[in-house]
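just coords:
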């Protein structure tokens, strides 16, 4: 598949939030979930983690026949790596990088980065394809967060029947959005951009 196909498939067809439920943070601080700093944190942390974990899988686990231990190794390596990235970004003088570090800490808890890195390593991509897919997954996650926040604001202003206000309306809307995103068939994309 071409890089354009990988990007489109990662953003829409295999969306981390809508397809796999990765990165959901119930009760978390989502006030800046749709911000540019959030997108920057996602792309940077996903790319770094996926590249490192792809290398470990390809050069350590697969040659030794330890493929079944990849989840354990990924957990042991990803969490300290991401905490290091978060702390390094947090002590930066740049406001965006500091917010990126704070967002990376939330993403660790939400398991988004861990899940995307694991999916990337198991998909059979080359290193460059895994990096592109991971960055695109971060972009897709950010897009859905942005759309859901806009939708939530719109629903608050709508005159809905009382039983549908709040969580029920968001649940129905999120389900419809997931159906729309998954309606883009991976085979169609492969034929379109190959």
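It's in. Everything numeric in this text was worked out from a predicted model, so none of it was measured.

average model confidence for the host helix or strand of residue 74?
Taking DSSP states H and E as the definition, residue 74 sits inside helix 70-90. Mean per-residue pLDDT for helix 70-90: 70.

next one: phi and psi at residue 138?
When read as degrees, to the nearest 10, the backbone of residue 138 gives phi -60, psi -40.

Could you give the number of residues near the spatially closest residue to residue 170 that is not a sequence neighbour?
Leaving aside its sequence neighbours, residue 170 sits nearest to residue 152 (Cβ to Cβ, 6 or more residues apart in numbering; 6.1 Å). Using the backbone N, CA and C atoms, a C-beta is placed for each residue, glycine as well. When neighbours are counted by other Cβ atoms under 10 Å, residue 152 registers 15.

Residue 47 now?
The burial count for residue 47: 23, using other Cβ under 10 Å.

now do residue 8
Count around residue 8 with other Cβ under 10 Å applied: 22.

Give me the distance between it and residue 60.
Noted for residue 8: a distance of 31 Å to residue 60, by Cβ to Cβ, to the nearest Å.

got it, and residue 10?
25 Å.

next one: residue 80
With the distance defined as Cβ to Cβ, residue 80 ends up 16 Å from residue 60.

Those two: which is more packed in?
Using other Cβ under 10 Å as the criterion, residue 80 and residue 60 rank with residue 60 on top: 13 against 10.

And the pLDDT for the more buried one?
Confidence score, pLDDT, at residue 60: 87.

Excluding residues flanking it in the chain, which one is nearest residue 158?
Nearest one to residue 158, counting by Cβ to Cβ, 6+ apart, is residue 169 at 7.9 Å.

right, I mislabeled it, should have said residue 50
For residue 50, the spatially nearest residue (Cβ to Cβ, 6+ apart) is residue 134, at 3.6 Å.

Neighbours of the one you found, how many?
30.

Flag every buried residue along the one helix or strand it maps to.
Taking DSSP H and E as the definition, residue 134 sits inside helix 127-157. Buried residues in helix 127-157, defined by neighbour count with 16 or more other Cβ atoms under 10 Å: 129-145, 148-149, 151, 155.
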